[in-house]
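# could you look at this predicted model? Sequence included:
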Amino acid sequence: MDTSVVDKQPTESETTSMSMRSRPTQSEAEAAVRTLIEWAGDNPDREGLRGTPERVVRAYREFFAGYDEDPGVLLAKTFEETSAYDEMIVLRDIRLESHCEHHIVPILGKAHVGYLPAGRVVGISKLARLVEVFAKRMQIQEALTSQIADTIQEVLNPHGVGVVIEAAHQCMTTRGIRKPGVTMVTSRMLGSFRNDPDTRREFLSIIGNPRSDSSGAR
Ligand SMILES: [Zn+2]
């Protein structure tokens with residue numbers, strides 16, 4: 001993978017300025033879809049395609065709903081102080097549906113999220129929601145993995161965080177080099193998940209040891 005791509009992810013302030021930029025109207029967005037249909041070689045006025053621009057725009061709202069949510073707020077809202085629990089918390093096999101930012105085609109797979117709490121614990125449904133908020137944006141898998149881990153680290157400040165994502169990219173399976181069945185594994189380990197081999201091993205064994213060849217050191 002070209003790691004320089006990761007560096008081109010927008011910074012926090014760039015993301016903020018993007019969200020402040022005024023969005024095109026729904027009819028402008030529908031006109032753009034019409035153009036793409038014509039460019040592909042079809043007639044947007046034929047019966048089967050007449051409602052397509054509207055449907056595509058509606059689908060985009062769903063696919064990219066993550067831009068309208070603040071992941072930090074999502075986690076911060078429900079944390080509790082629970083000093084009694086100091087074991088690893090892992091949510092594994094979280095269904096992941098995202099879109100690659102290079103082709104806007106699906107990235108499908110699963111995410112595993114674990115952390116070692118230091119007082120603050122968050123409801124497990126919030127972890128799944130956090131994955132969803134970042135997944136419902138245009139992404140590359142490496143950045144998605146890092147954003148999930150970094151947000152947990154920042155908001156909950158645990159002893160450590162581990163995030164592993166296994167996913168297939170339809171831009172690889174249906175176009176370009178056409179490699180069906182290829183799964184990409186990325187990981188991001190922070191704190192004790194990075195520094196303590198026992199913690200890391202426990203996490204990887206709980207999630208079923210995906211064959212990760214990524215360093216996780218990003
Ligand atoms: Zn792609």
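Received, thanks. Numbering: from 1, shown residues only.

# where does the residue most central in space within the chain fall, phi/psi-wise?
A centroid search over the chain (C-alpha atoms, centre = their mean) returns A135, at 3.0 Å, as the residue closest to the centre. The phi/psi pair for A135 (degrees, to the nearest 10) reads phi -70, psi -30.

# could you count how many residues lie near the closest residue to it other than its chain neighbours?
Nearest residue to A135 in three dimensions, chain neighbours excluded: S98, at 4.0 Å (C-beta to C-beta, 6 or more residues apart in numbering). Quick note: C-beta positions are derived from backbone N, CA and C, even for glycine. Number of residues near S98 (other C-beta atoms under 10 Å) recorded here: 27.

# isn't S98 right next to R137, touching?
Yes. S98 lies in contact with R137 (C-beta atoms under 8 Å); the separation is 7.5 Å.

# grab the nearest non-local neighbour of E38.
P44 (6.0 Å).

# dump the residue contacts of the one you found.
34, 37-38, 50, 52-53 (C-beta atoms under 8 Å, 6 or more residues apart in numbering).

# contacts only, for the residue lying closest to M88 once chain neighbours are set aside.
Among residues not flanking M88 along the chain, L116 sits closest, at 5.2 Å (C-beta to C-beta, 6+ apart). Counting by C-beta under 8 Å, 6+ apart, L116 makes contact with 86-89, 158-161, 191-193, 199.

# name the nearest of these relative to the ion.
Distances from the ion to those, taken as C-beta to the ion, are shortest for V161 (26.6 Å).

# is the residue nearest to A135 bridged to anything, and to what?
Assessed by DSSP bridges, S98 has beta-bridge partners I107.

# which residues does it contact?
With contact set as C-beta under 8 Å, 6+ apart, S98 has these partners: 106-107, 134-137, 139, 141, 144, 167.

# can you do 7 Å?
Shown in contact with S98 (C-beta atoms under 7 Å, 6 or more residues apart in numbering): 107, 135, 139, 144.
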